[in-house]
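Peer 1: Using only what follows, build the 3D model:
(chains A, B, C and D)
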Number of protein chains: 2
Amino acid sequence: MRSTGSKAASAPKLDLVARLRGAGLRPTRQRIALGRLLFSGIDRHVTAEALHLEAARTGAELSLATVYNTLHQFTTAGLLRQVFVDGEKSYFDTNTGDHHHFYAKDRETLIDIPGDAVVIDGLPKAPAGMDIERVEVVVRLKPKA
Amino acid sequence: MRSTGSKAASAPKLDLVARLRGAGLRPTRQRIALGRLLFSGIDRHVTAEALHLEAARTGAELSLATVYNTLHQFTTAGLLRQVFVDGEKSYFDTNTGDHHHFYAKDRETLIDIPGDAVVIDGLPKAPAGMDIERVEVVVRLKPKA
DNA sequence: CAATAGATTAGAATAATTCTAATGTAAGAA
DNA sequence: TTCTTACATTAGAATTATTCTAATCTATTG
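Peer 2: Below is the predicted model:
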(Lines give C-alpha, C1' and ligand atoms only; values in the text may rest on other atoms or scores of the structure.)
Protein backbone atom coordinates (compact mmCIF):
# COMPACT_ATOMS: atom_id res chain seq x y z
CA MET A 1 0.00 0.00 0.00
CA ARG A 2 1.35 3.33 -1.04
CA SER A 3 1.06 6.40 1.17
CA THR A 4 0.85 10.02 0.08
CA GLY A 5 1.98 11.15 3.46
CA SER A 6 -1.32 12.91 4.21
CA LYS A 7 -3.56 11.55 6.88
CA ALA A 8 -6.01 8.81 5.96
CA ALA A 9 -9.13 11.01 6.15
CA SER A 10 -8.02 13.14 3.22
CA ALA A 11 -8.04 10.31 0.69
CA PRO A 12 -11.83 10.48 0.18
CA LYS A 13 -11.48 14.21 -0.25
CA LEU A 14 -9.11 13.71 -3.15
CA ASP A 15 -11.54 11.23 -4.70
CA LEU A 16 -14.29 13.76 -4.28
CA VAL A 17 -12.33 16.52 -5.97
CA ALA A 18 -11.67 14.22 -8.89
CA ARG A 19 -15.32 13.26 -9.00
CA LEU A 20 -16.45 16.87 -9.11
CA ARG A 21 -13.91 17.74 -11.78
CA GLY A 22 -15.00 14.74 -13.79
CA ALA A 23 -18.56 16.04 -13.65
CA GLY A 24 -17.41 19.42 -14.93
CA LEU A 25 -17.92 21.12 -11.57
CA ARG A 26 -15.32 23.19 -9.79
CA PRO A 27 -14.35 21.72 -6.44
CA THR A 28 -15.39 24.69 -4.33
CA ARG A 29 -15.45 24.81 -0.55
CA GLN A 30 -19.25 24.51 -0.53
CA ARG A 31 -19.42 21.57 -2.91
CA ILE A 32 -16.71 19.70 -1.07
CA ALA A 33 -18.48 20.16 2.24
CA LEU A 34 -21.75 18.84 0.82
CA GLY A 35 -20.06 16.13 -1.22
CA ARG A 36 -18.34 14.78 1.87
CA LEU A 37 -21.64 14.46 3.66
CA LEU A 38 -23.35 12.89 0.67
CA PHE A 39 -20.73 10.56 -0.79
CA SER A 40 -19.27 9.04 2.32
CA GLY A 41 -19.97 5.54 1.10
CA ILE A 42 -23.42 4.72 2.42
CA ASP A 43 -26.52 5.51 0.37
CA ARG A 44 -28.50 8.45 1.67
CA HIS A 45 -31.83 10.21 1.13
CA VAL A 46 -31.73 13.88 2.07
CA THR A 47 -33.82 17.01 1.81
CA ALA A 48 -32.18 20.37 1.16
CA GLU A 49 -33.20 21.61 4.58
CA ALA A 50 -31.80 18.57 6.40
CA LEU A 51 -28.52 18.66 4.50
CA HIS A 52 -28.12 22.36 5.19
CA LEU A 53 -28.59 21.75 8.90
CA GLU A 54 -26.12 18.87 8.84
CA ALA A 55 -23.55 20.98 7.02
CA ALA A 56 -23.98 23.78 9.56
CA ARG A 57 -23.38 21.29 12.36
CA THR A 58 -20.08 20.24 10.85
CA GLY A 59 -19.00 23.87 10.72
CA ALA A 60 -19.56 24.56 7.03
CA GLU A 61 -20.94 27.98 6.26
CA LEU A 62 -23.14 28.12 3.21
CA SER A 63 -26.63 29.31 2.44
CA LEU A 64 -29.68 27.13 1.96
CA ALA A 65 -29.94 28.49 -1.58
CA THR A 66 -26.50 27.08 -2.29
CA VAL A 67 -27.57 23.71 -0.98
CA TYR A 68 -30.50 23.75 -3.41
CA ASN A 69 -28.30 24.88 -6.28
CA THR A 70 -25.71 22.25 -5.49
CA LEU A 71 -28.22 19.43 -5.17
CA HIS A 72 -29.57 20.31 -8.59
CA GLN A 73 -26.09 20.58 -10.10
CA PHE A 74 -25.22 17.17 -8.67
CA THR A 75 -28.46 15.77 -10.02
CA THR A 76 -27.84 17.15 -13.50
CA ALA A 77 -24.31 15.74 -13.37
CA GLY A 78 -25.73 12.31 -12.53
CA LEU A 79 -24.26 12.21 -9.03
CA LEU A 80 -27.69 12.31 -7.39
CA ARG A 81 -31.24 11.39 -8.26
CA GLN A 82 -34.33 13.32 -7.23
CA VAL A 83 -37.26 11.31 -5.89
CA PHE A 84 -40.82 12.59 -5.70
CA VAL A 85 -42.88 11.04 -2.96
CA ASP A 86 -44.37 14.03 -1.24
CA GLY A 87 -45.79 17.36 -2.31
CA GLU A 88 -44.03 19.24 0.45
CA LYS A 89 -40.37 18.81 -0.26
CA SER A 90 -38.04 16.92 -2.57
CA TYR A 91 -35.70 14.13 -1.60
CA PHE A 92 -32.31 13.54 -3.19
CA ASP A 93 -30.90 10.03 -3.36
CA THR A 94 -27.19 9.22 -3.53
CA ASN A 95 -28.06 5.88 -5.11
CA THR A 96 -28.37 6.68 -8.81
CA GLY A 97 -28.69 3.09 -9.97
CA ASP A 98 -31.83 1.21 -10.95
CA HIS A 99 -33.95 0.81 -7.83
CA HIS A 100 -37.22 1.72 -6.16
CA HIS A 101 -38.51 2.98 -2.81
CA PHE A 102 -40.63 2.36 0.20
CA TYR A 103 -41.99 5.60 1.64
CA ALA A 104 -43.36 5.95 5.15
CA LYS A 105 -45.19 9.25 5.26
CA ASP A 106 -45.58 9.24 9.03
CA ARG A 107 -41.79 9.08 9.42
CA GLU A 108 -40.87 10.97 6.26
CA THR A 109 -38.47 8.15 5.52
CA LEU A 110 -37.33 6.52 2.29
CA ILE A 111 -36.00 2.96 2.07
CA ASP A 112 -34.33 1.54 -1.02
CA ILE A 113 -35.72 -1.45 -2.88
CA PRO A 114 -33.08 -3.08 -5.11
CA GLY A 115 -34.01 -2.71 -8.76
CA ASP A 116 -33.05 -6.21 -9.83
CA ALA A 117 -35.53 -7.76 -7.42
CA VAL A 118 -38.52 -6.08 -9.05
CA VAL A 119 -40.11 -7.07 -12.34
CA ILE A 120 -42.85 -4.97 -13.93
CA ASP A 121 -45.00 -6.50 -16.65
CA GLY A 122 -47.80 -5.19 -18.79
CA LEU A 123 -46.77 -1.55 -19.15
CA PRO A 124 -48.19 0.01 -22.29
CA LYS A 125 -45.65 1.38 -24.72
CA ALA A 126 -44.84 5.08 -24.56
CA PRO A 127 -47.16 7.48 -26.44
CA ALA A 128 -46.08 8.48 -29.94
CA GLY A 129 -43.05 10.75 -30.02
CA MET A 130 -42.08 9.85 -26.48
CA ASP A 131 -39.50 7.53 -24.98
CA ILE A 132 -39.49 5.96 -21.55
CA GLU A 133 -36.82 7.63 -19.47
CA ARG A 134 -37.28 5.68 -16.27
CA VAL A 135 -39.84 3.62 -14.39
CA GLU A 136 -40.24 4.50 -10.74
CA VAL A 137 -42.08 2.44 -8.19
CA VAL A 138 -43.04 3.93 -4.84
CA VAL A 139 -44.53 1.65 -2.21
CA ARG A 140 -46.42 3.75 0.32
CA LEU A 141 -46.34 2.44 3.86
CA LYS A 142 -48.67 3.04 6.77
CA PRO A 143 -48.22 1.99 10.38
CA LYS A 144 -49.71 -1.45 11.01
CA ALA A 145 -53.18 -1.07 12.51
CA MET B 1 -88.39 8.40 -18.05
CA ARG B 2 -89.45 10.47 -15.10
CA SER B 3 -88.88 14.21 -14.96
CA THR B 4 -88.45 16.43 -11.93
CA GLY B 5 -89.42 19.44 -13.94
CA SER B 6 -86.00 21.01 -13.66
CA LYS B 7 -83.78 21.35 -16.68
CA ALA B 8 -81.53 18.44 -17.63
CA ALA B 9 -78.29 20.14 -16.61
CA SER B 10 -79.26 20.18 -12.97
CA ALA B 11 -79.40 16.40 -12.62
CA PRO B 12 -75.62 16.07 -12.20
CA LYS B 13 -75.77 18.85 -9.66
CA LEU B 14 -78.20 16.86 -7.55
CA ASP B 15 -75.90 13.84 -7.82
CA LEU B 16 -73.02 16.00 -6.73
CA VAL B 17 -74.87 17.35 -3.71
CA ALA B 18 -75.66 13.79 -2.68
CA ARG B 19 -72.07 12.80 -3.23
CA LEU B 20 -70.75 15.61 -1.06
CA ARG B 21 -73.29 14.89 1.68
CA GLY B 22 -72.36 11.23 1.54
CA ALA B 23 -68.74 12.20 2.11
CA GLY B 24 -69.72 14.26 5.14
CA LEU B 25 -69.10 17.56 3.39
CA ARG B 26 -71.59 20.40 3.22
CA PRO B 27 -72.58 21.20 -0.35
CA THR B 28 -71.40 24.79 -0.34
CA ARG B 29 -71.29 27.07 -3.34
CA GLN B 30 -67.52 26.69 -3.61
CA ARG B 31 -67.50 22.91 -3.39
CA ILE B 32 -70.27 22.58 -5.92
CA ALA B 33 -68.45 24.81 -8.38
CA LEU B 34 -65.26 22.76 -8.07
CA GLY B 35 -67.09 19.44 -7.96
CA ARG B 36 -68.85 20.24 -11.22
CA LEU B 37 -65.54 20.86 -12.92
CA LEU B 38 -63.93 17.77 -11.45
CA PHE B 39 -66.68 15.15 -11.56
CA SER B 40 -68.17 15.79 -14.95
CA GLY B 41 -67.62 12.20 -16.04
CA ILE B 42 -64.20 12.16 -17.62
CA ASP B 43 -61.08 11.47 -15.57
CA ARG B 44 -58.97 14.51 -14.96
CA HIS B 45 -55.57 15.50 -13.55
CA VAL B 46 -55.50 19.02 -12.15
CA THR B 47 -53.27 21.33 -10.17
CA ALA B 48 -54.76 23.77 -7.66
CA GLU B 49 -53.67 26.71 -9.75
CA ALA B 50 -55.19 25.36 -12.97
CA LEU B 51 -58.47 24.47 -11.30
CA HIS B 52 -58.69 27.90 -9.71
CA LEU B 53 -58.22 29.52 -13.09
CA GLU B 54 -60.81 27.27 -14.66
CA ALA B 55 -63.31 28.03 -11.91
CA ALA B 56 -62.75 31.74 -12.34
CA ARG B 57 -63.43 31.41 -16.06
CA THR B 58 -66.80 29.80 -15.38
CA GLY B 59 -67.71 32.72 -13.14
CA ALA B 60 -67.14 31.10 -9.75
CA GLU B 61 -65.61 33.38 -7.14
CA LEU B 62 -63.42 31.64 -4.65
CA SER B 63 -59.88 32.00 -3.39
CA LEU B 64 -56.94 29.82 -4.33
CA ALA B 65 -56.64 28.85 -0.66
CA THR B 66 -60.16 27.45 -0.84
CA VAL B 67 -59.23 25.41 -3.89
CA TYR B 68 -56.34 23.91 -1.96
CA ASN B 69 -58.51 23.26 1.09
CA THR B 70 -61.22 21.69 -1.04
CA LEU B 71 -58.84 19.46 -2.99
CA HIS B 72 -57.49 18.12 0.28
CA GLN B 73 -60.95 17.64 1.72
CA PHE B 74 -61.98 15.73 -1.41
CA THR B 75 -58.81 13.66 -1.19
CA THR B 76 -59.40 12.79 2.45
CA ALA B 77 -62.98 11.88 1.59
CA GLY B 78 -61.73 9.52 -1.10
CA LEU B 79 -63.16 11.54 -3.99
CA LEU B 80 -59.71 12.40 -5.33
CA ARG B 81 -56.22 11.00 -5.20
CA GLN B 82 -53.04 13.04 -4.97
CA VAL B 83 -50.18 12.07 -7.28
CA PHE B 84 -46.56 13.05 -6.73
CA VAL B 85 -44.52 13.30 -9.88
CA ASP B 86 -42.88 16.67 -9.56
CA GLY B 87 -41.35 18.70 -6.79
CA GLU B 88 -42.99 21.90 -7.92
CA LYS B 89 -46.67 21.28 -7.54
CA SER B 90 -49.12 18.51 -6.73
CA TYR B 91 -51.56 16.91 -9.12
CA PHE B 92 -55.00 15.68 -8.11
CA ASP B 93 -56.55 12.78 -9.99
CA THR B 94 -60.29 12.18 -10.25
CA ASN B 95 -59.60 8.52 -10.94
CA THR B 96 -59.30 6.99 -7.46
CA GLY B 97 -59.15 3.38 -8.63
CA ASP B 98 -56.11 1.15 -8.99
CA HIS B 99 -53.97 2.56 -11.79
CA HIS B 100 -50.63 4.13 -12.65
CA HIS B 101 -49.24 7.05 -14.64
CA PHE B 102 -47.12 8.22 -17.49
CA TYR B 103 -45.60 11.62 -16.78
CA ALA B 104 -44.16 13.89 -19.45
CA LYS B 105 -42.18 16.56 -17.64
CA ASP B 106 -41.74 18.72 -20.71
CA ARG B 107 -45.52 18.97 -21.08
CA GLU B 108 -46.42 18.73 -17.41
CA THR B 109 -48.93 16.11 -18.41
CA LEU B 110 -50.20 12.95 -16.72
CA ILE B 111 -51.68 9.99 -18.60
CA ASP B 112 -53.45 7.10 -16.88
CA ILE B 113 -52.22 3.53 -17.15
CA PRO B 114 -54.96 1.02 -16.23
CA GLY B 115 -54.07 -0.85 -13.06
CA ASP B 116 -55.19 -4.28 -14.22
CA ALA B 117 -52.74 -4.23 -17.13
CA VAL B 118 -49.71 -3.94 -14.88
CA VAL B 119 -48.18 -6.73 -12.80
CA ILE B 120 -45.39 -6.07 -10.32
CA ASP B 121 -43.33 -8.99 -9.04
CA GLY B 122 -40.53 -9.30 -6.57
CA LEU B 123 -41.40 -6.51 -4.15
CA PRO B 124 -39.96 -7.14 -0.70
CA LYS B 125 -42.47 -7.36 2.12
CA ALA B 126 -43.11 -4.23 4.15
CA PRO B 127 -40.72 -3.46 7.04
CA ALA B 128 -41.79 -4.64 10.49
CA GLY B 129 -44.72 -2.71 11.92
CA MET B 130 -45.70 -1.33 8.53
CA ASP B 131 -48.36 -2.24 5.99
CA ILE B 132 -48.38 -1.50 2.29
CA GLU B 133 -50.94 1.18 1.62
CA ARG B 134 -50.51 1.47 -2.12
CA VAL B 135 -48.02 0.75 -4.89
CA GLU B 136 -47.55 3.59 -7.35
CA VAL B 137 -45.77 3.33 -10.66
CA VAL B 138 -44.69 6.45 -12.52
CA VAL B 139 -43.27 6.05 -16.01
CA ARG B 140 -41.25 9.15 -16.86
CA LEU B 141 -41.34 10.17 -20.50
CA LYS B 142 -38.95 12.24 -22.53
CA PRO B 143 -39.39 13.54 -26.07
CA LYS B 144 -38.04 11.06 -28.61
CA ALA B 145 -34.53 12.10 -29.67
C1' DC C 1 0.79 40.08 -12.37
C1' DA C 2 -3.28 42.36 -14.41
C1' DA C 3 -7.45 41.79 -17.15
C1' DT C 4 -11.20 39.12 -18.80
C1' DA C 5 -14.66 35.60 -19.17
C1' DG C 6 -17.17 32.45 -17.22
C1' DA C 7 -18.62 29.83 -12.98
C1' DT C 8 -20.40 30.09 -8.42
C1' DT C 9 -22.68 31.92 -4.41
C1' DA C 10 -26.31 33.75 -1.56
C1' DG C 11 -29.52 37.64 -0.58
C1' DA C 12 -33.70 38.89 -2.34
C1' DA C 13 -37.72 37.57 -4.72
C1' DT C 14 -41.16 34.30 -5.98
C1' DA C 15 -44.27 30.39 -5.93
C1' DA C 16 -46.73 26.86 -3.54
C1' DT C 17 -49.17 25.75 0.28
C1' DT C 18 -51.01 26.14 5.03
C1' DC C 19 -52.90 28.49 9.07
C1' DT C 20 -56.28 30.88 11.67
C1' DA C 21 -59.40 34.56 12.53
C1' DA C 22 -63.68 35.83 10.59
C1' DT C 23 -67.82 34.25 8.52
C1' DG C 24 -71.44 31.16 7.34
C1' DT C 25 -74.77 27.48 8.36
C1' DA C 26 -77.51 23.83 10.48
C1' DA C 27 -80.14 22.44 14.34
C1' DG C 28 -82.46 22.97 18.58
C1' DA C 29 -85.03 26.00 21.93
C1' DA C 30 -88.49 29.21 22.85
C1' DT D 1 -90.83 31.40 12.98
C1' DT D 2 -86.68 33.72 15.18
C1' DC D 3 -82.87 33.43 18.37
C1' DT D 4 -78.94 31.02 19.93
C1' DT D 5 -75.22 28.05 19.95
C1' DA D 6 -71.86 25.06 18.14
C1' DC D 7 -69.49 23.64 14.56
C1' DA D 8 -68.07 23.84 9.55
C1' DT D 9 -66.17 26.57 6.04
C1' DT D 10 -63.76 30.29 3.76
C1' DA D 11 -60.03 33.28 2.43
C1' DG D 12 -56.59 36.89 3.81
C1' DA D 13 -52.40 36.65 5.98
C1' DA D 14 -48.47 34.05 7.02
C1' DT D 15 -45.30 30.45 6.18
C1' DT D 16 -42.42 27.31 3.78
C1' DA D 17 -40.03 25.63 -0.22
C1' DT D 18 -37.60 26.90 -3.99
C1' DT D 19 -35.64 29.84 -7.69
C1' DC D 20 -33.54 34.00 -9.68
C1' DT D 21 -29.97 37.27 -10.47
C1' DA D 22 -26.67 40.65 -9.11
C1' DA D 23 -22.39 40.41 -6.81
C1' DT D 24 -18.36 37.68 -6.06
C1' DC D 25 -14.95 34.43 -6.98
C1' DT D 26 -11.65 31.79 -9.81
C1' DA D 27 -9.16 30.04 -13.68
C1' DT D 28 -6.91 31.40 -17.70
C1' DT D 29 -4.60 34.25 -20.92
C1' DG D 30 -1.77 38.26 -22.42
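
Peer 1: domains of chain A?
Peer 2: A:10-83, A:98-141 (automatic domain parsing).

Peer 1: how far out from the middle of the chain is the lengthiest strand in chain A?
Peer 2: Longest strand in chain A, counting residues (DSSP state E): strand A:130-143. With Cα atoms, centre = their mean, to the nearest Å as the basis, strand A:130-143 stands 16 Å off its chain's centre.

Peer 1: quick one: average pLDDT of that strand?
Peer 2: Averaging pLDDT along strand A:130-143 gives 96.

Peer 1: do stretch A:79-87 as well
Peer 2: Rounded mean pLDDT across stretch A:79-87 is 95.

Peer 1: Go through it and flag the buried ones.
Peer 2: If you call a residue buried by 16 or more other Cβ atoms under 10 Å in any protein chain shown, then stretch A:79-87 has these buried ones: A:79, A:80, A:81, A:83, A:84, A:85, A:86. For the C-beta atoms, the positions are set from N, CA and C on the backbone; glycine is no exception.

Peer 1: Let's have those residues in CSV, adding distance to DNA strand C and secondary structure.
Peer 2: Shown next, in CSV, are these (distance: Cβ to the nearest atom of the strand, whole Å; DSSP: H, G, I helix; E, B strand; the rest coil):
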residue, distance to DNA strand C, secondary structure
A:79, 13, coil
A:80, 14, coil
A:81, 20, strand
A:83, 16, strand
A:84, 11, coil
A:85, 13, coil
A:86, 9, coil
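
Peer 1: ok, back up a step: DNA strand D: which of the domains of chain A is closest?
Peer 2: When those are compared by Cβ to the nearest atom of the strand, domain A:10-83 sits nearest DNA strand D, at 3.4 Å.

Peer 1: ok, back up a step: got TSV for the domains of chain A, with distance to DNA strand D too?
Peer 2: Putting those into TSV (distance: least, Cβ to the nearest atom of the strand, whole Å) gives the following:
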stretch	distance to DNA strand D
domain A:10-83	3
domain A:98-141	10
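
Peer 1: want to throw these into JSON lines with distance to chain B?
Peer 2: As requested, those are exported to JSON lines (distance: least, Cβ to the nearest Cβ, whole Å):
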{"stretch": "domain A:10-83", "distance to chain B": "7"}
{"stretch": "domain A:98-141", "distance to chain B": "4"}
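
Peer 1: does the lowest-mean-pLDDT helix or strand in chain A come close to DNA strand C?
Peer 2: When the helices and strands of chain A are scored by mean pLDDT, DSSP states H and E, helix A:10-22 comes last with a mean of 80. No - applying Cβ under 7 Å from any atom of the strand, one finds helix A:10-22 out of contact with DNA strand C, separated by at least 7.8 Å.

Peer 1: and the very next helix or strand once past that helix, what does it pack onto?
Peer 2: Tracing the chain C-terminally past helix A:10-22 and defining elements by DSSP states H and E, one meets helix A:29-38 next. Contact here means 3 or more Cβ pairs under 8 Å, 6 or more residues apart in numbering or on different chains; DSSP states H and E; on that basis helix A:29-38 packs against helix A:10-22, helix A:48-57, helix A:64-76.
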